[in-house]
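Show me the folded form of this:
(2 chains)
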Amino acid sequence: MIEYMLTLGIVAMEGRGFEYPTDSVTAPNGRLYVPNKSRDFGERGVRLTVLDIESEFYGTFGTYGESKGQLQSPSAVESTKDGRILVCDDYTHTVNLFDLDGVFLDRWGMHGEGLKELNGPSGVAVDSNNNVYISDTRNHRIQKFSIDGVHLGSFGERGMRKGQFELPWGISFTPRNTLCVADWGNSRVQELTLDGEVSSVIDNFSNSDYELKYPSSAVIDNNGTTYIADWGNERIKVIDAGGAMVQNLRGEATISKWASEFLSSNAEENNARLASNLEVDLDFLEDHDPHSESAHIEKYFWSPVSVKLDHLDRVYVTETNRHRIQVYQQT
Amino acid sequence: MVIADKKEYELRAHLLRRAGFGSTKKELEQYLRNSYEDTVEYLLNPNFDDWMGDHLVRRFDGEASGMINAPGASRNWLYRMISTTNPLTEKIPLLWHSIFATGVPKVINGRVLFDQINMLRKYGTGRLDNLLLQLSRDPAMIVWLDNQENHKDAINENWGRELLELFSMGVGNYTEEDVKECARAFTGWSIGNTEYMMVRAKRDSDWPYGRIAYHFEYLEDDHDSEQRTFLGQTGNFNGEDIIRIICEQESTARFISRHLYHFFVADEAPVPSWGTIAPRDPEAIDQLVASYFDSNHNITEMLRVLFNSDFFKSKDVRYQKVKGPAEFAASVLRLSGQFEIPHREMIPKYRQIVWMGQELSNPSSVEGWHEGKEWVDTGTLIERINFASEQLGNYENPGIKAIVNTFMAENAKFLSGEELVEKSLEQLGYQEVSDKTRAILVEYSEEIDDIVSKITGIIRLITTSKEFQLA
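Residues are numbered from 1 along each chain as shown, chains lettered A, B, ... in the order given. Sure, this is the predicted structure:
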């Protein structure tokens, strides 16, 4: 079981803050690396923001551009144990490598539908041998590369059967040496061996309680608990090792340190905010669409795009539309 | 295989241009499996079930989901226009948006504007009474016309005046006292967290965590509940009563009927002149007015009468409407097939629509846009032609590739210039052109040797024709 701990971030087009963040990863140096796509895929906003759980800000890198070390649409991030940061770019169809200080190291990947080629990569995971697994989204498959970009294999194709995918999104490496793939278009999570064999499927057929709808990301902790970003329902679902859904979280964001600093220096806005009711009764939303609910209630998850763990199994939920990260800790 | 003569194709294409955003030959063949009346019923009875398109947009165009600004919200709508399988579903909000025009200069928040479009889609085919009631409660409209500043001890007439003048009855059918009483009846119709939302709007603030959607709030303490006389009726009228009385008026029936004719049948004179210039087809307006009262003010029933009428099917009204920029662009992008999955190239496409003269959710005034021939001047015409020829003359675009492949499967290289032109016009939804335009197309086709270049060239030239600008 997890409980809400704190919120990180604030919306910002440049510098300290996030704008349409797509993922996060806690690197071996304890810092959090957060890729941002920006509001209109434009020159302002695209970057990786570096911070820690105390909201200490360490700068940005990977700003917008075509040169090596620049990004156009950073869609996913992962780190290696030896301190490299991998960033997928779903517009340039590349994987970009940086060191922990944001110094550019390498870039590989090529657009296309053939083997080795990528089309809109939106998820990345690294195993204990530094093999890289890419969620090759628009090719509806998972591709395996060495850390240097040498193609090592590919599995999956478009479809609904086990081992097939429909626009796969987040991918994570699990403590049991498997891969956990958010099979977005099929509203399920597939767990695969490193050779691509399906070892388990979490879907609405296996347990109707799950009610998954277009999940974007899933991770498994050391106890075998699975955390799913149920993106279409704007929720985080926690499933224990026995398959029971034990939590169905809606989000409970509070004011982050950066947000607090903004509000304290903008008194007119802060006073009006304090006089407001930001948890209104949503009966006026006749269809109870969770996306609309999240547009009205600021503390709710809104486009929870990524769920990640740190070494303490704290859960980091990156919310694209709210430009922040909600952190949960084990109870 | 659908057996239908060319006239049937052309009539169905006319319906799909007006009730939708045009059609391909393949789509027309699908529609022709059923009768004209059944097609009308299909269009009038949309399926609001969840569809993956919404989720695709949210996933692949973040700002079209988070909607900090209005263009993101408008892109979301544009994706719907080009991907929906029931195009009237998107034509309906376009109709009402052109009448109840609301815009970003005061509303700022893209999500709030998006919510209004959703409201227009949801209620735009029901009873006019309910649509106007929802409009009265719509947060974007409340802010657009300052009704959050309409207090019982200090009325603001903006909403009351425009409700009567622009949204229901038209000038000349009410008095200044009616405007004041209308405004008084809507005192206390506001939005929740008014102060915070207005401070944020004034500062264009999206801090700390992006936009927050607005919601309607009725402030009873701020409502003037005194007895009032409105349009000859007396009572303790609140906003709901005002709308009921408005919808009982023949002037309202005529105003709405003329708008439906203007949007779906043929361009009328500009709206501000309707008080002095008679309708283009008074008998058609009479039919629609009768339908309005017969159906208890139901828009779907009025549209059923309209689409099945002789005045709508008449050849005299075909190609008598200049396509609005959003409608024009949506029709082009549906044909080009570029956006099966949303992507960033929609941003420049959307900007081109703005350059054509229509920025959705940013009307030129509270009156909306002046439509018809006013959509076209030397600058906007060039934009329109360039846009269409760029998308539809590009073999790499999936829709065009599919058309070319269809030709190739039919041994197009053995077809004459006349046959190639005829088949190209069919592929673009049985587009009709003048004899002069057709002769130019045939002449062009005989100058080009490479068959793919020839087909794409013919399509590109068709899109530059006068007829292609018209619906």
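
Helix, strand or coil: sort out A:Ile85 for me.
strand (DSSP: H, G, I helix; E, B strand; the rest coil).

so what's the residue in chain A that chain B sits nearest to closest to, chain neighbours aside?
As assessed by Cβ to the nearest Cβ, chain B sits closest to A:Ala259 within chain A, at 3.5 Å. For glycine as for every other residue, the C-beta is placed from the backbone atoms N, C-alpha and C. Leaving aside its sequence neighbours, A:Ala259 sits nearest to B:Pro208 (Cβ to Cβ, 6 or more residues apart in numbering or on different chains; 3.5 Å).

Tell me, how many residues neighbour that neighbour?
27 (other Cβ atoms under 10 Å in any protein chain shown).

I figured it hits A:Lys257, correct?
No - counting by Cβ atoms under 8 Å, B:Pro208 stays clear of A:Lys257, with 10.7 Å between them.

picking up where we left off before, I'd assumed B:Tyr209 was in contact with the residue of chain A closest to chain B.
Yes - using Cβ under 8 Å, A:Ala259 is in contact with B:Tyr209, at 7.1 Å.

and for these two, which residues touch both?
Listed as contacting both A:Ala259 and B:Tyr209 by Cβ atoms under 8 Å, 6 or more residues apart in numbering or on different chains are A:10, A:324.

what residues are up against B:Glu27?
B:Glu27 is in contact with B:16, B:429, counting by Cβ under 8 Å, 6+ apart.

can you rerun that using 10 Å?
Neighbouring residues of B:Glu27 by Cβ atoms under 10 Å, 6 or more residues apart in numbering or on different chains: B:12-13, B:16, B:20, B:85, B:87, B:334, B:429.

do the same with B:Asp115
By Cβ under 10 Å, 6+ apart, the contact set of B:Asp115 is A:285, A:292, A:295-296, B:67, B:73, B:109, B:138-140, B:213-215.

and if you look at B:Asn397?
B:333, B:335-338, B:390-391, B:403, B:456.

switch to 8 Å and redo it
By Cβ under 8 Å, 6+ apart, the residues touching B:Asn397 are B:336-338, B:391.

Let me know the closest of the contacts of B:Asp115 to A:Arg47.
Of all the contacts of B:Asp115, B:Met67 has the smallest distance to A:Arg47: 21.5 Å, by Cβ to Cβ.

Quick check: the residue of chain A closest to chain B is in a helix.
Yes - membership of A:Ala259 in a helix is supported by three-state DSSP.

Kindly indicate which of the contacts of B:Asp115 lies nearest B:Asn386.
In terms of Cβ to Cβ, no member of the contacts of B:Asp115 lies closer to B:Asn386 than B:Ala73, at 25.6 Å.

Can you give me the pLDDT of the closest one?
In this prediction, B:Ala73 carries a pLDDT score of 96.

Confirm that it sits in a helix.
Yes - assessed by three-state DSSP, B:Ala73 belongs to a helix.

what's the helix or strand for B:Glu181?
Counting by DSSP states H and E, the element that carries B:Glu181 is helix B:176-185.

Just the residues contacting that helix, thanks.
Contact partners of helix B:176-185, identified using Cβ under 8 Å, 6+ apart, comprise B:150, B:152, B:155-157, B:159-161, B:163-164, B:224, B:226, B:228-231, B:237-239, B:241-242.
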